[in-house]
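Colleague: Return a 3D structure for these sequence lines:
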Amino acid sequence: MTRTVRTSELMWQRLFRRFEGQSSTLQGQLRDMLVHAVLEGFVQPGMPLPSGRLLATTLGVSRVTVTLAMQGLIDKGLVEARARSAYYVSERLQDTYLGARQRRDTVAPGTPPRWRERLMKQPSAQRNIRKPADWQSQPYPFIYGQFDAALFPFRDWRRCVLESLDARAVRRWAPDHIDRDEDALVEQIHRRLLPARGIWVERDEILVTNGAQQATSLLAELLIGPATRVGIENPCYPDARNNFALRTRHIRLLPIDDEGLVPTAALSRCEYVYVTPSHQCPTTVTMSLARRHALLARAERDDFIVIEDDHESELNFSGQPTPALKSLDGAQRVIYLGSLSKTLAHGLRLGFVVAPAELVRELRALRRLMIRHVCTNNQQAAANFIAHGYQEAYLRRLNIAYRERARTLRQALAVHAPALQPMAAHGGSALWVTGPEGLDGEALAQRLYTQGVVVEPGEVFYAGAKPPRNRLRIGYSSIAADRIEPGVRLLAEALVRAG
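Modeller: Next up is the predicted model:
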């Protein structure tokens, strides 16, 4: 009897560990484990489950946790409570959950559909940026555009979230908005964020999106057809390029130099031109004011639309950011994309589009067909964060920290890896570096990862038949300043071995 009990205890312990981390609470973990045990037949309908006391002792949780988990399963009809707090697997499962499984197992196999032949598009075949899922556990995460818990203003954000959970606030954001945005966030974008970039528009010219990424997707879906000619920077943000490439094959590659987009004759053959002028993605260069005026003049002369992704405009070390293209646009030729996610938290997924009202009206209707509206409780919390001045204070801290990290990274590269030449930049959160001819950036990044150093190969940012392979993007937004120099030493050693 004792041997049986010990075997049972070991089974429950192992099952419990299998579900560790799959739920945010111990109650949820315990419920998941018990449901799995029942549906997989480890315990049959009508059989007793371990007592609450035994489960609590075996799994190292409180009896209250066990009781609450069991009550949840009783409510779902999977477990029955009997005299003296004994728990049994519900006998009704035989004709519901377990019966359905048995019926599924006895169905004769048929011919599955050939999905590849049915697909109109194959997005999974496109080249995309790849980031290791475990980058936060690596000692030297030179990874671009990721959340840094050491800098995040937890207390301020928590205060804003709690404020959004006030009963009056909940009554505002909890109902279905259908296609409307949260008024509080639109107000903050309208009154504070856009004027800071020199942009003055009406409220009906603003649409909130799930990050600048969704804004690009909505515009591509609405404006780009099979014959539409789209100009993109080369190198370019791959997700934007891929969004356009799903709709048209007429992609025009536009060169970049140390002043940003080069105004070549190819512009006259475009109907839309996508640019990242504040900090070009991925090179981080800032488009000069002269180039901005030249681009707008060409847009009016040659009748094309500029899609301005104001990428990392707030991350400016000089303190005097170049005016947004939209702020210089007197002919309504610029569609402006902004983001809160890139600075506050990437997982927040909040961005916005600024465009003429007639275009925003159609974008809003298209968004409704996809997601109705962006999550309104996040919109409310973000609006509070901006309204209380926390956003401005946070950006000041970010710029101070990033300026120091960028300086440390440049110095470390100059001392330990002078063969890697970074582009000049006045802000942003990464350095774009060029290595010696013959360097394979992809292979180098893979070797470095085995040593806990995470850098990004640059080839994916280029379109065309023969993209350069000796480029790297080395981010500093997610690595502490005192980890930069040791990480660069490892990078330099790997570079020497790559020869």
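
Colleague: What's the separation between the residue nearest to Ala331 when sequence neighbours are not counted and Leu328?
Modeller: Spatial nearest neighbour of Ala331, excluding adjacent residues (C-beta to C-beta, 6 or more residues apart in numbering): Glu300 at 4.9 Å. In this view, the C-beta of every residue, glycine as well, is placed from N, C-alpha and C. Separation of Glu300 from Leu328 (C-beta to C-beta, to the nearest Å) stands at 12 Å.

Colleague: Same check on Gly72?
Modeller: According to C-beta to C-beta, Gly72 and Leu328 sit 59 Å apart.

Colleague: what do you get for Ser124?
Modeller: Counting by C-beta to C-beta, the gap from Ser124 to Leu328 is 39 Å.

Colleague: More neighbours: which of those two?
Modeller: Each of Ser124 and Leu328 has its neighbours counted (other C-beta atoms under 10 Å); Leu328 has more, 16 against 7.

Colleague: Which pLDDT value does the model give the more buried one?
Modeller: Listed pLDDT for Leu328 reads 95.

Colleague: For the remainder of this discussion, apply numbering that starts at 779.
Modeller: Noted, 779 is the first residue going forward, which turns the last one into Leu1106.

Colleague: Wait, it touches Arg1070, no?
Modeller: Yes - counting by C-beta atoms under 8 Å, Leu1106 touches Arg1070, with 6.0 Å between them.

Colleague: sorry, back to before: what about the residue nearest to Ala1109, which SS state?
Modeller: Look at Glu1078: counting by DSSP: H, G, I helix; E, B strand; the rest coil, its state is helix.

Colleague: neighbours of it, just the number please.
Modeller: Neighbour number of Glu1078 under other C-beta under 10 Å is 13.

Colleague: Does it touch Arg1111 like I think?
Modeller: Yes - counting by C-beta under 8 Å, Glu1078 does reach Arg1111; the two are 6.0 Å apart.

Colleague: Could you verify that Lys1120 is part of a helix?
Modeller: No - counting by three-state DSSP, one finds Lys1120 to be coil, located in no helix.

Colleague: Just the buried positions in the longest helix anywhere in the chain, please.
Modeller: For the chain, the longest helix by residue count, based on DSSP state H, is helix 1168-1194. For helix 1168-1194, burial by neighbour count (16 or more other C-beta atoms under 10 Å) applies to 1168-1169, 1172-1173, 1176-1177, 1179-1180, 1183-1184, 1186-1188, 1190-1191, 1194.

Colleague: Quick check: Ala1044 touching Ile1010?
Modeller: No - Ala1044 is beyond contact range of Ile1010, at 10.7 Å (criterion: C-beta under 8 Å).

Colleague: Between the two, tell me which one has more neighbours.
Modeller: Ile1010 (24 against 15).

Colleague: so which helix or strand takes in the more buried one?
Modeller: strand 1008-1012 (DSSP states H and E).

Colleague: For that strand, output the C-alpha coordinates as PDB.
Modeller: The C-alpha trace of strand 1008-1012 is given here as PDB (Å, rounded to 0.1, in the frame of the first residue of the first chain):
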ATOM      1  CA  VAL A1008       6.200  51.300 -54.100                       C
ATOM      2  CA  GLY A1009       9.600  52.800 -53.300                       C
ATOM      3  CA  ILE A1010      11.400  51.600 -50.200                       C
ATOM      4  CA  GLU A1011      14.800  52.300 -48.600                       C
ATOM      5  CA  ASN A1012      17.500  49.700 -49.100                       C
END
